[in-house]
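In: Requesting a structural model of the entry that follows:
(one chain, ligands or ions: 1)
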Amino acid sequence: MAGTNRRWLLETRPQGMIKDTDFRLDEGPIPEPGEGEFLVRVTDLSFDPTQRGWLAADTYLPAVKIGAPVRAGAVGQVIKSNHPGFQPGQMVQGTFGWQEYVITKGMTETGPVAPVRKGITPEQALGVFGVTGLTAWFGLTDVGQPKAGDTVLVSGAAGATGSVVVQVAKALGCKVIGIAGGPDKCRWVTEVAGADYCIDYKRENVAAAIKAHAPKGVNVVFENVGGDILEAALMNLALRARIVLCGGISSYNAEDLSQMQGLRSYMQLTVMRARMEGFIILDYAPRWAEGVAALSKLIAEGKLKTLEDVQHGFENCPATLRRLFEGKNLGKQLLKLTAPPLPVV
Ligand SMILES: NC(=O)c1ccc[n+]([C@@H]2O[C@H](COP(=O)([O-])OP(=O)(O)OC[C@H]3O[C@@H](n4cnc5c(N)ncnc54)[C@H](OP(=O)(O)O)[C@@H]3O)[C@@H](O)[C@H]2O)c1
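Out: Residues are numbered from 1 along each chain as shown. Purely as a prediction, here's the structure:
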């Protein structure tokens, strides 16, 4: 096919905050699909804090290789197909990476290419019905196991995952305290997402604010940030609290895992007979339909509002990833490359 394919390749493993020079913008011809393959034009890219870990080292997935396209979740449209299961015009979802066009046989690094469900937008496919919404749903309900009347503390509450956790916890009848950076984000967390209170960690003493709003302690902590914010949560646990260790973005720019801030207050787990448990959403893949059904129901009932932060232009991939670590995103961070070029099947 005539035309140019642009790809962002990993040039060097980032040290500290991501720089444009950690990547190289490569240009080449659009590839032709071979036997059993199909060509996808990427329309929307997902930006996730875990990409910082994938660039640095082997984690729950192997590190992105130097010279390879940066790994990323994406939605795209099938342009040409020699695969019986995929037709031109069809919208599909997979780990297509930072590239405008991709050839696939139907399997990507994190699982099979899946058709985008009829009636949902690419933003919803990558956000509330993608890894983000499912992380919020299964992390809260399966790992956190909140009961009506519990107090749930959510860090990163104005982010993609946290904003869904806040609303699911409210829908389950919990009292919810969010933590976010800045007055605008905190206003969204209380006024739109419906949290009972939002702590602005940039202005308030987090431990004192949790104590003021949850004097009997918190039953569930949904932890996205780690570091000092997790310490403040540990100092305010209720008996038999559950701490859902979803992520620890405050340490993702550390040089390596051994440089991450350690835990000081871990004996609170013993004192309060509490449980702290990590999880990786990919392990829930067999239950994704269940999570999508639950989230769809909450949206239909008006109990879950989605929030997307859409940037534009393939050349802005590194800057868009940086936004997550600069706290610039409100809700799910996405980058739109193009509208579907063919009529949608
Ligand atoms: N376990 C899993 O399977 C799984 C799956 C998906 C996501 N996650 C984790 O979930 C967390 C949230 O991910 P997301 O995709 O929803 O991202 P997000 O919350 O939409 O975006 C990141 C947010 O983190 C906050 N932040 C960044 N650096 C910070 C720092 N140094 N201290 C405090 N806050 C900081 C910023 O919000 P403020 O402006 O409020 O600071 C920023 O907007 C991440 O830790 C991610 O790794 C885990």
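In: Output the set of residues of the stretch 51-200 of the chain in proximity to the ligand.
Out: Residues of the stretch 51-200 of the chain lying close to the ligand (CB under 6 Å from any ligand atom) are 131-132, 135, 156, 158-162, 180-181, 185. All C-beta spots, glycine's among them, are computed from the backbone N, C-alpha and C.
In: wait, what's in contact with the residue of the stretch 201-345 of the chain found nearest the ligand?
Out: Here the residue of the stretch 201-345 of the chain nearest the ligand is Gly247; by CB to the nearest ligand atom that distance is 2.0 Å. Gly247 sits next to 49-50, 156, 161, 223-226 when contact means CB atoms under 8 Å, 6 or more residues apart in numbering.
In: Filter the residues you listed down to the buried ones, PyMOL style.
Out: To isolate the buried members of the contacts of Gly247 in PyMOL, using 16 or more other CB atoms under 10 Å:
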select buried, resi 49+50+156+161+223+224+225+226
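In: Please flag which of the contacts of Gly247 sit within strands.
Out: Glu223 (DSSP state E).
In: What strand or helix carries Leu9?
Out: Leu9 is located in strand 4-10, with elements delineated by DSSP states H and E.
In: Run through who's touching the helix or strand encompassing Glu277.
Out: Secondary structure from DSSP H and E places Glu277 in strand 275-278. Under the criterion CB under 8 Å, 6+ apart, residues 143, 240-246, 269 lie in contact with strand 275-278.
In: Throw these into TSV and include distance to Gln93, thanks.
Out: Listed next are the contacts of strand 275-278 as TSV, based on distance: CB to CB, whole Å:
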residue	distance to Gln93
Val143	25
Arg240	39
Ala241	36
Arg242	31
Ile243	31
Val244	26
Leu245	27
Cys246	22
Leu269	38
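In: Can you say which of those are buried?
Out: 143, 241-246, 269.
In: And those residues, which two are furthest apart?
Out: Cys246 and Leu269 (17.0 Å; CB to CB).
In: And the furthest pair within the contacts of strand 275-278?
Out: Arg240 and Cys246, at 19.5 Å, using CB to CB across the contacts of strand 275-278.
In: Val189 against Ile199, yeah?
Out: No - at 9.4 Å, Val189 and Ile199 do not qualify as touching, with contact defined as CB atoms under 8 Å.
In: got any residues that touch both of those two?
Out: 178, 180.
In: Can you tell me which of the contacts of Gly247 is nearest Gly111?
Out: Proximity of the contacts of Gly247 to Gly111 (CB to CB) peaks at Thr50, which lies at 14.9 Å.
In: Outline the domain layout of the chain.
Out: The record's domain split for the chain, according to automatic domain parsing, is 4-127+306-336, 131-300.
In: Burial-wise, tell me which of these comes out on top.
Out: When the domains of the chain are scored by mean count of other CB atoms under 10 Å, the highest mean neighbour count falls to domain 131-300 (a mean of 20).
In: Quick one: end-to-end distance for that domain.
Out: End-to-end distance of domain 131-300 (CA to CA, to the nearest Å): 20 Å.
In: Let me see the mean pLDDT of it.
Out: Mean pLDDT, computed over domain 131-300, is 97.
In: do the same with stretch 16-34
Out: Mean pLDDT, stretch 16-34: 97.
In: Would you check how far apart Gly97 and Glu223 are?
Out: 28 Å (CB to CB, to the nearest Å).
In: Kindly apply the preceding question to Pro286 instead.
Out: 25 Å.
In: Contacts for the strand or helix carrying Ala233 next, please.
Out: Take DSSP H and E as the rule and Ala233 turns out to sit in helix 227-234. Residues outside helix 227-234 that contact it (CB under 8 Å, 6+ apart) are 153, 155, 179, 201, 206-207, 210, 218, 221, 223, 243, 248, 250-251, 261, 263-266, 268-269.
In: How about stretch 55-69?
Out: Contacts for stretch 55-69 (CB under 8 Å, 6+ apart): 7-14, 18, 22, 50, 53-54, 70-71, 97-99, 109-110, 256-257, 280, 282.
In: can you do 7 Å?
Out: 7-10, 13-14, 53-54, 70-71, 97-99, 109, 256, 280 (CB atoms under 7 Å, 6 or more residues apart in numbering).
In: Show me where the stretch 1-150 of the chain has its helices.
Out: 50-56, 122-126, 131-138 (DSSP state H, counting those that start in this stretch).
In: From the contacts of Gly247, pick the one nearest His312.
Out: Using CB to CB, the contacts of Gly247 come closest to His312 at Pro49, 21.0 Å.
In: That closest one: what's its closest spatial neighbour, skipping adjacent residues?
Out: Ile249 (4.9 Å; CB to CB, 6 or more residues apart in numbering).
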